[in-house]
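[1] Here is a sequence with its predicted model. Questions after.
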Amino acid sequence: KIDSIKRWNNTPIGLKLRHNNNYISFIFKYINLLSTQRVEYRYMLEGLNSEWNTPITNNVIHFGNLSPNRYNLRIQVLKNGVFNGVELNYPFTIKAPFWQTPAFIIFSLLFLILCVLFFIQYRIRKIKKERQNLQIIVQEKTKELLEKNSDLEINNRNKDRLISIIAHDLKTPFSGFLGLTSLLKEEGDSLDKEDIKSIAENMNKSANNLYYLL
């Protein structure tokens, strides 16, 4: 890209080159109609060099692999090794590739920030989802525990009821058995053979009932 072209020598003004068009050659000539004295040139490419090069007689300069930057080529004419006041300045620009431009860098940073924000939001949603799932699991486990506790309470009540029934059922034959043994202990000497036989039969019956219950 150029801004315009000089009329008398067709030199492009405001030259802007792409980053991969960074090999450039300059051809120049000092014209003096009043003198045929041989001249020398020295040049410095501002943006690349900070010192003048060694004077040359050749009028062609090559620059290769120039980095993206703004440059200004300065060429001075030397007569007998002394600068004669004639200097050429030619500014030009090597443009940076699009991935090195401020707009692309800003866009990349914004895109990176958006990616980070998206990832954070994704992680937050995922954590919330996992927390909800965990709460559901806890609620289900709590419900199961409550149901098991209810079953245990029912089983405990049934156990207590069973023990109560067993104790009640055992109490009656034991009472009879204890009564008969007390009778033998207290009145055994006064009892005849038939009474003792009857008491023994009743004790045997009570013992069988206890054994059956057990």
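    Everything's here; your move. Residues are numbered from 1 along each chain as shown.

[2] contacts and neighbour counts: CA atoms only from here.
    Fine.

[3] what about I154, how many residues close to it?
    One way to gauge burial is a neighbour count; for I154, by other CA atoms under 10 Å, it gives 12.

[4] Next one: it from Q76, what distance?
    According to CA to CA, to the nearest Å, I154 and Q76 sit 111 Å apart.

[5] same deal with L152?
    Taking CA to CA, one finds L152 at 107 Å from Q76.

[6] What of I61?
    13 Å.

[7] out of the two, which sits in the busier spot?
    The residue with more neighbours, out of I61 and Q76 and counting by other CA under 10 Å, is Q76; that gives 20 against 12.

[8] how about that one, secondary structure?
    When the structure is reduced to helix, strand and coil (DSSP: H, G, I helix; E, B strand; the rest coil), Q76 reads as strand.

[9] Is it correct that it is in contact with Y90?
    No. If you go by CA atoms under 8 Å, Q76 and Y90 don't touch, sitting 11.8 Å apart.

[10] could you pull out the helices for the protein?
    Using DSSP state H, the helices of the chain run over residues 102-187, 193-213.

[11] Take those helices and write them to a markdown table, including distance to L33 and mean pLDDT.
    Rendered in a markdown table, the data for the helices of the chain read as follows (distance: least, CA to CA, whole Å; pLDDT from 0 to 100):
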| stretch | distance to L33 | mean pLDDT |
| --- | --- | --- |
| helix 102-187 | 49 | 89 |
| helix 193-213 | 146 | 83 |
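
[12] Mind checking those helices for the one nearest to S35?
    If you check each of these against S35 by CA to CA, helix 102-187 wins as the nearest, at 50.8 Å.

[13] got the angle for that closest one vs helix 193-213?
    Helix 102-187 and helix 193-213 meet at an angle of 170 degrees, taking axes from the mean of the first three to the mean of the last three CA atoms, to 10 degrees as the criterion.

[14] Might you calculate how far helix 102-187 sits from the centre of the chain?
    For helix 102-187, the gap between its own C-alpha mean and the chain's C-alpha mean amounts to 35 Å (CA atoms, centre = their mean, to the nearest Å).

[15] and that helix, what does it pack onto?
    Contacts defined by 3 or more CA pairs under 8 Å, 6 or more residues apart in numbering; DSSP states H and E place helix 102-187 against helix 193-213.

[16] Any buried residues in the helix it packs on, and which?
    Across helix 193-213, burial judged by 16 or more other CA atoms under 10 Å covers I196, I199, A200, M203, S206, A207, N209, L210.
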